[in-house]
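K.L.:
quick one, fold the following:
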Amino acid sequence: MKFFDNLIGGLEKISLRLVWLSGALLIAAAAMVTVDVILRKLFNWSLGGADEITGYVFGISIMFSLSYAMIHRTHIRIDAAYQYMPAWLRAALDILGAALLTGFVAYVAYRGYFMLADTYENGSRSITPMRTPLAIPQTPWFAGMVFAVFTGLVMITAAIVAFFKGDFPYINKLLGIPSVDEQIEDET
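P.N.:
Numbers count the residues shown, from 1 in each chain. Here you go, the predicted model:
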């Protein structure tokens, strides 16, 4: 399991940098919208394209943050009966949940690949006054999806290996719902 711990640790470092980049992009987008609103209100003048750029930033930020959410188990799950199940069933459901999430992102990435390929092939641009080459926002958006799928596959593989070894606490630590103590520790 040391191999997977090291690999996931490396993925965590990359995902942390992507989350920081996402946060910086969102702050810059918020500042741009704020300036645009103030300019429109006070001077009846607009920067133009703030809404388009913030849409791109939002999409990219979501995909850049997904691997971090996977690693830190911050995605939403319904856990009403989870705590009452035997450890092996919780582990199996954690693996299934991670597989479904990763599978969904993989499907979106699969479809996104064809969209991105068409964008490059046709030199597609947005239909807005900015005429943004769509390859510019779509490339990092797609890269974020690919990274999230890779992260999910590594985590699922580690969990499956642990499952067959009977190491259910490891699966819980990797994919399970964080305990109250873990949540308190993260907040402090």
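
K.L.:
beyond the strand or helix carrying Arg90, next helix or strand please.
P.N.:
Taking DSSP states H and E as the criterion, Arg90 maps to helix 87-122. Note on helix 87-122: by DSSP H and E, the next helix or strand toward the C-terminus is helix 135-165.

K.L.:
quick one: list the elements packing against that following helix.
P.N.:
With contacts taken as 3 or more Cβ pairs under 8 Å, 6 or more residues apart in numbering; DSSP states H and E, helix 135-165 sits against helix 2-43, helix 50-71, helix 87-122, helix 168-175. C-beta: built from backbone N, CA, C; applies to glycine.

K.L.:
closest one to Met130 among those?
P.N.:
Closest approach to Met130 among those (Cβ to Cβ): helix 50-71, 5.8 Å.

K.L.:
mind exporting the closest one as PDB, just the C-alpha atoms?
P.N.:
The C-alpha trace of helix 50-71 is given here as PDB (Å, rounded to 0.1, in the frame of the first residue of the first chain):
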ATOM      1  CA  ALA A  50     -16.800  39.500 -18.200                       C
ATOM      2  CA  ASP A  51     -19.700  37.000 -18.300                       C
ATOM      3  CA  GLU A  52     -18.100  34.900 -21.000                       C
ATOM      4  CA  ILE A  53     -14.700  34.800 -19.200                       C
ATOM      5  CA  THR A  54     -16.300  34.000 -15.800                       C
ATOM      6  CA  GLY A  55     -18.200  31.100 -17.400                       C
ATOM      7  CA  TYR A  56     -14.900  29.600 -18.700                       C
ATOM      8  CA  VAL A  57     -13.200  30.200 -15.400                       C
ATOM      9  CA  PHE A  58     -16.000  28.500 -13.500                       C
ATOM     10  CA  GLY A  59     -15.900  25.400 -15.800                       C
ATOM     11  CA  ILE A  60     -12.100  25.100 -15.500                       C
ATOM     12  CA  SER A  61     -12.100  25.700 -11.800                       C
ATOM     13  CA  ILE A  62     -14.700  22.900 -11.200                       C
ATOM     14  CA  MET A  63     -12.600  20.400 -13.200                       C
ATOM     15  CA  PHE A  64      -9.300  21.500 -11.600                       C
ATOM     16  CA  SER A  65     -10.900  21.000  -8.100                       C
ATOM     17  CA  LEU A  66     -12.500  17.700  -8.600                       C
ATOM     18  CA  SER A  67      -9.400  15.600  -7.900                       C
ATOM     19  CA  TYR A  68      -8.800  17.500  -4.700                       C
ATOM     20  CA  ALA A  69     -12.400  16.800  -3.600                       C
ATOM     21  CA  MET A  70     -11.900  13.100  -4.400                       C
ATOM     22  CA  ILE A  71      -8.700  12.800  -2.400                       C
END
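
K.L.:
that older thread, buried ones in the helix holding Arg90?
P.N.:
90-95, 97-99, 101-102, 105-106, 109, 112, 116, 119 (16 or more other Cβ atoms under 10 Å).

K.L.:
quick check: which ranges of this structure have low pLDDT?
P.N.:
Within the chain, the stretches with pLDDT under 70 are 180.
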